[in-house]
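S.K.: Can you look at this prediction? I've put the sequence above it.
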Amino acid sequence: MIYPKGIKKGDTIGIVAPSGPFRATTLGEIENALNDLGYNVKFGESCYGSYKGYLSSEDDIRAKDIEDMFLDKTVDGIFCLRGGYGTPRILDLIDYNIIKNNPKFFVGFSDITGLHIAFNKYADLVTFHGVMAGTSPKWDEFTYNSLINALNNNVTKFENPNDEPIYTVVKGQCEGELIGGNLALIAAGIGTKYEIDTKDKILFIEDVGEAIYRLDRMLTQLSLAGKFDDCAGIVFGDFCDCNKENDDDFEILELIQDRVSKYNKPCIFNLKSGHCTPMITLPFGCNYIAIIFHRIVNDLLTIIEIIK
């Protein structure tokens, strides 16, 4: 796997919108926020559009935008503007040799999971499950530091912000490449040539706004597809607004225990990466050791260390 060149003050960040149209703030506010942090900004064509209500632009424009940013010698790395929906529609339109031959850091999450899996699989590129450019005016110190440390290959372990607990589902130790992303996108890729390969890897999963029964259905789909059988370990991230609809529904941790404990793979829940603030940036495609064990004081402690 190719770990791309890191980021430094004065670099130019290319911004693309591979998924939905941007409405949260203005592009000028994003540019000002990134300028204040010391970076130059170049927006792709997809950042300015809206197509059929839920896409930033037509499929060929979004795919070409990504290729152009990787080819552009003045651009040092690439952030996605936002998530939403749209990356599965462009996976067959991207020339992955362009990505592989022009490696740069590529950052995003949620719907961007489709691109993470494809870039890891077909371009041998380490990508970054991290914050969107669209939220840059609101990045907090923890989130920004986690991002920069990950981009510059300066991470030795992941720790939650604000003493947020990490829950042990299954104790143990495992080693492998960290891969994954949004549960809905991982499930959507099963049965396609962009299906995630979890063989001997550490699988990261997060999601947002899903009912418990929908999480159950997607986790069961991964189970039936052999993804938990194959993986070395499992890391569950943030599950923002994934609430019970009925009093007797599973709690999220109960559901995870129900779906994955039988595989006896080292597993944790509540690593703060996903639709949360602050947010940890995770390098996908990088090799890790995960050591998961109990601590008497607050019951649980997890250490995830990169193998240098």
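M.R.: Looks like it came in fine. None of the values given here were measured: they were computed from a predicted structure. Residues are numbered from 1 along each chain as shown.
S.K.: Pick out the residue nearest the middle of the chain.
M.R.: Using Cα atoms, centre = their mean, the residue of the chain that lies closest to the mean C-alpha position is His129, 3.0 Å off.
S.K.: Next one: that one from Met279, what distance?
M.R.: Distance of His129 to Met279, computed by Cβ to Cβ, to the nearest Å: 9 Å. Using the backbone N, CA and C atoms, a C-beta is placed for each residue, glycine as well.
S.K.: Need the residues touching each of those two.
M.R.: Taking Cβ atoms under 8 Å, 6 or more residues apart in numbering as the criterion, His129 and Met279 both touch Ser273.
S.K.: What's the local residue count around Ile289?
M.R.: Ile289: 16 surrounding residues under other Cβ atoms under 10 Å.
S.K.: Correction: the previous question concerned Met69.
M.R.: Met69: 24 neighbours (other Cβ under 10 Å).
S.K.: that older thread, what's the nearest residue to the residue nearest to the centre of the chain if we skip its chain neighbours?
M.R.: Using Cβ to Cβ, 6 or more residues apart in numbering and skipping residues adjacent in sequence, the residue nearest His129 is Leu282, 4.3 Å away.
S.K.: re the thing from before, pretty sure the residue nearest to the centre of the chain contacts His275?
M.R.: No. Under the criterion of Cβ atoms under 8 Å, His129 makes no contact with His275, lying 11.6 Å away.
S.K.: what is in contact with those two at once?
M.R.: Any residue near both His129 and His275 by Cβ under 8 Å, 6+ apart counts here, and that gives Phe109.
S.K.: Summarise which helices and strands the host helix or strand of Arg62 is packed against.
M.R.: Element membership for Arg62, per DSSP states H and E: helix 59-71. Using 3 or more Cβ pairs under 8 Å, 6 or more residues apart in numbering; DSSP states H and E, the elements in contact with helix 59-71 are strand 12-16, strand 77-80, helix 87-90, helix 96-101.
S.K.: Adding mean neighbour count, mean pLDDT and distance to Glu251, write the ones you listed out as CSV.
M.R.: Compiled in CSV, the helices and strands packed on helix 59-71 are given as follows (neighbours: other Cβ atoms under 10 Å; pLDDT from 0 to 100; distance: least, Cβ to Cβ, whole Å):
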stretch, mean neighbour count, mean pLDDT, distance to Glu251
strand 12-16, 24, 98, 37
strand 77-80, 25, 98, 32
helix 87-90, 22, 98, 30
helix 96-101, 15, 98, 40
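S.K.: List just the one of these that sits closest to Ala188.
M.R.: helix 87-90 (6.1 Å; Cβ to Cβ).
S.K.: quick revisit: show me what contacts the residue nearest to the centre of the chain?
M.R.: Contacts for His129 (Cβ under 8 Å, 6+ apart) come out as Gly108, Phe109, Thr113, His116, Gly180, Gly181, Phe204, Ser273, Thr281, Leu282, Pro283, Phe284.
S.K.: So which of the residues you listed are in helices?
M.R.: Judged by DSSP state H, helices contain the following of the contacts of His129: Thr113, His116.
S.K.: which among the contacts of His129 gets closest to Lys5?
M.R.: For those, the nearest to Lys5 is Pro283 (13.4 Å; Cβ to Cβ).
S.K.: Give me the neighbour count for the closest one.
M.R.: Neighbours of Pro283 (other Cβ under 10 Å): 24.
S.K.: Can you check the pLDDT for Thr25?
M.R.: Here the pLDDT value assigned to Thr25 is 79.
S.K.: Run a quick check on it versus Pro137, I expect a contact.
M.R.: Yes. The pair Thr25 and Pro137 passes the contact test of Cβ under 8 Å, sitting 6.3 Å apart.
S.K.: buried sites along the strand of greatest length in the chain?
M.R.: With DSSP state E setting the assignment, residue counts place strand 172-182 as the longest strand in the chain. Buried residues in strand 172-182, defined by neighbour count with 16 or more other Cβ atoms under 10 Å: Cys174, Glu175, Gly176, Glu177, Leu178, Ile179, Gly180, Gly181, Asn182.
S.K.: and what of stretch 182-196?
M.R.: Asn182, Leu183, Ala184, Leu185, Ile186, Ala187, Ala188, Gly189, Ile190, Tyr194, Ile196.
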